[in-house]
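# model this:
(one chain, ligands or ions: 1)
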Amino acid sequence: MILTYKPEVIFFKRPFKIAHGVRSSTDIVLTQLEYDGTIGFGEASMPPYLSETHKTVLDFLSKAAKLLSEFKNPFDIETIIKAIDELAPDNTAAKASVDIALHDLIGKLKNKSCWQLFNCEKERTPFTTYTLGIDEPEIIKQKLIEANSFKTLKVKLNGENDKLIISTIRSITNIPIAVDVNQGWKDKHQALEMINWLHDKNVLFVEQPLPKENIDDSNWLYERSSLPLFADESVQRFVDIDKIKDCFHGINIKLMKCTGLHEASKMISSARQLNLKILIGCMTETSCAVSAAAQLSPLADQADLDAPLLIKNNFFDGIEFINGKITLSELPGIGVIQKG
Ligand code: MG
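Coordinates of the predicted model:
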C-alpha cells in the first residue's frame with residue numbers, strides 16, 4: 001500500500017472563541033492510501049491542546065508510509081492499526097488519518113459503506129448539535145437565526161459571561177442546549193452553582209466542566225450534579241474510560257483523540273458495558289474526518305458533528321444534515337468525494 005499526504009489549513013467562516021481563546025483556522029493534513037488503483041481518504045486535524053503540528057504529523061506519516069508499504073493488502077485491519085499505533089506513543093491525529101484512509105479504502109474495495117462494515121443501522125443516526133462559540137449577545141442572536149434548522153445547540157461557556165449567554169439564547173428560543181465548558185470552570189463549587197442554575201433551562205448535559213487533572217473534584221461534582229456530565233478532554237483513548245467512569249455520565253469520542261474508527265468502535269462497546277452515554281464529536285475538520293465519524297453515529301446517543309458547517313474551505317463533499325439529522329449515504333467507505 002502507498003501512503004501519501006499533504007499539509008493544508010482550514011478556515012472558520014468567522015473567528016471562533018472557546019475557553020482556549022479565539023481561533024480562525026486549524027492545521028490539517030490530508031492523507032491518501034492507495035492499493036491496486038483504489039484510493040482511501042484520511043485526515044488529521046490538530047487542535048492546539050493535543051500538541052500535534054504539521055511537522056509532527058508529517059514526521060509520523062513518513063514512518064507510517066514506510067510501514068504500510070510492507071503490507072501486501074489492507075484487509076488485516078487489527079494488525080495494521082496495532083503496528084501503526086506502536087510507531088509512537090502519541091500522534092493520535094496522525095494515527096487517525098491513517099485509520100480513516102484505511103477504512104475508506106477497505107469500504108471501497110468491498111463496495112460497502114463503513115456504517116455497514118460496523119453493522120450500524122443507517123436510520124438510527126442522531127441529530128447533530130449546532131455549535132455557538134462565545135460571543136456578544138448581538139452576535140449570538142444573529143447566529144441563532146443561522147441555526148434555526150437544527151434541533152439542538154451546543155453552547156460554549158468559559159466561566160465569564162455564562163449566564164448572559166444562556167439568558168440571551170433563552171430570550172429567543174427554548175431549543176434544547178448542550179453546554180460545553182472545555183475545562184473552563186476552575187472551581188467545583190462554581191461548577192455546581194452553574195449546573196443548578198442551568199438545571200431548569202432545558203439543558204441536556206454539561207461537557208467537561210472542570211480541568212481534566214481535577215479527578216477528585218470531577219467525582220465530587222458527579223455525585224451532586226443535577227445534569228448529566230460528559231467527559232471530553234478527560235477521556236482520549238480506550239484506556240482512559242476506566243479512569244473516569246466514576247466522574248462522568250457519558251463520554252465524547254472523537255477520532256482525532258482516539259486514533260480513529262477502529263478504537264472508537266471499541267470505546268463505544270466498552271462505554272455501553274459501563275452504562276456510560278456516548279457522544280460522538282469532532283475537532284475542526286473537513287467533511288472527510290467528520291463523515292468518517294458519522295459512520296459510527298448510529299451507535300451514539302448524541303452527536304456533535306457540525307464542523308463542516310463552520311468552515312469555509314471544505315475539500316470534500318460528504319456527510320449531510322437534513323434538518324439537523326445526520327444523513328448517511330450509500331457511498332462506499334466513509335462516503336466522501338474529493339472536490340475538483
Ligand atoms: Mg468539548
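# contact partners for Val155?
Thr131, Leu132, Ile165, Ile166, Ile169, Ile177, Ala178, Val179, Asp180 (Cβ atoms under 8 Å, 6 or more residues apart in numbering). Just so you know, the C-beta spots here come from the backbone N, C-alpha and C atoms, and that holds for glycine as well.
# following the host helix or strand of the third one, which helix or strand comes up?
The reference is to Ile165. Ile165 is part of helix 162-170, with elements assigned from DSSP states H and E. As assigned by DSSP H and E, the chain's next helix or strand after helix 162-170 is strand 177-180.
# which elements pack onto that following strand?
Packed against strand 177-180 by the contact rule (3 or more Cβ pairs under 8 Å, 6 or more residues apart in numbering; DSSP states H and E) you find strand 152-156, helix 162-170, strand 203-207.
# among the ones you listed, which comes closest to the ion?
strand 203-207 (4.8 Å; Cβ to the ion).
# contacting residues around that closest one?
In contact with strand 203-207 (Cβ under 8 Å, 6+ apart) are residues 152, 154, 176-182, 195, 198, 225, 227-232, 249-250, 252, 277, 279, 302.
# that older thread, CSV for the contacts of Val155, including neighbour count and distance to Val206?
Shown next, in CSV, are those (neighbours: other Cβ atoms under 10 Å; distance: Cβ to Cβ, whole Å):
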residue, neighbour count, distance to Val206
Thr131, 22, 15
Leu132, 23, 15
Ile165, 22, 14
Ile166, 20, 12
Ile169, 23, 15
Ile177, 23, 10
Ala178, 21, 8
Val179, 25, 5
Asp180, 28, 8
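# can you put the residues you listed in JSON lines and add distance to Lys339 and pLDDT?
JSON lines is the format used below for the contacts of Val155 (distance: Cβ to Cβ, whole Å; pLDDT from 0 to 100):
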{"residue": "Thr131", "distance to Lys339": "23", "pLDDT": "93"}
{"residue": "Leu132", "distance to Lys339": "27", "pLDDT": "92"}
{"residue": "Ile165", "distance to Lys339": "35", "pLDDT": "97"}
{"residue": "Ile166", "distance to Lys339": "38", "pLDDT": "97"}
{"residue": "Ile169", "distance to Lys339": "34", "pLDDT": "97"}
{"residue": "Ile177", "distance to Lys339": "33", "pLDDT": "97"}
{"residue": "Ala178", "distance to Lys339": "30", "pLDDT": "98"}
{"residue": "Val179", "distance to Lys339": "34", "pLDDT": "98"}
{"residue": "Asp180", "distance to Lys339": "30", "pLDDT": "97"}
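# most neighbours per residue, which of the helices and strands packed on strand 177-180?
Counting by mean count of other Cβ atoms under 10 Å, strand 203-207 has the highest mean neighbour count of these, with a mean of 23.
# what parts of the stretch 101-250 of the chain come near the ion?
When proximity is defined by Cβ under 5 Å from the ion, the stretch 101-250 of the chain lies next to the ion at Asp180, Glu207, Asp232.
# sorry, back to before: what helices or strands is the helix holding Ile165 leaning on?
helix 137-146, strand 152-156, strand 177-180, helix 188-198.
# which parts of this protein belong to which domain?
The record's domain parsing of the chain by automatic domain parsing lists 2-112, 116-338.
# how near is the residue lying closest to Pro176 once chain neighbours are set aside to Thr128?
Closest residue to Pro176 apart from its sequence neighbours, by Cβ to Cβ, 6 or more residues apart in numbering: Thr152 at 4.8 Å. Between Thr152 and Thr128 the distance is 8 Å, computed by Cβ to Cβ, to the nearest Å.
# so for these two, which residues contact both of them?
By Cβ under 8 Å, 6+ apart, the residues touching both Thr152 and Thr128 are Gly324.
# now the helices and strands packed on strand 177-180 as CSV including distance to Thr31?
Listed next are these as CSV, based on distance: least, Cβ to Cβ, whole Å:
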stretch, distance to Thr31
strand 152-156, 28
helix 162-170, 37
strand 203-207, 29
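# how about Tyr49, secondary structure?
Secondary structure, DSSP: H, G, I helix; E, B strand; the rest coil: Tyr49 is helix.
# how many neighbours does it have?
13 (other Cβ atoms under 10 Å).
# how close does it get to Val235?
14 Å.
# Leu328 too?
Counting by Cβ to Cβ - Leu328 and Val235 are separated by 25 Å.
# please say which of these two ends up with more neighbours.
Val235 (29 against 25).
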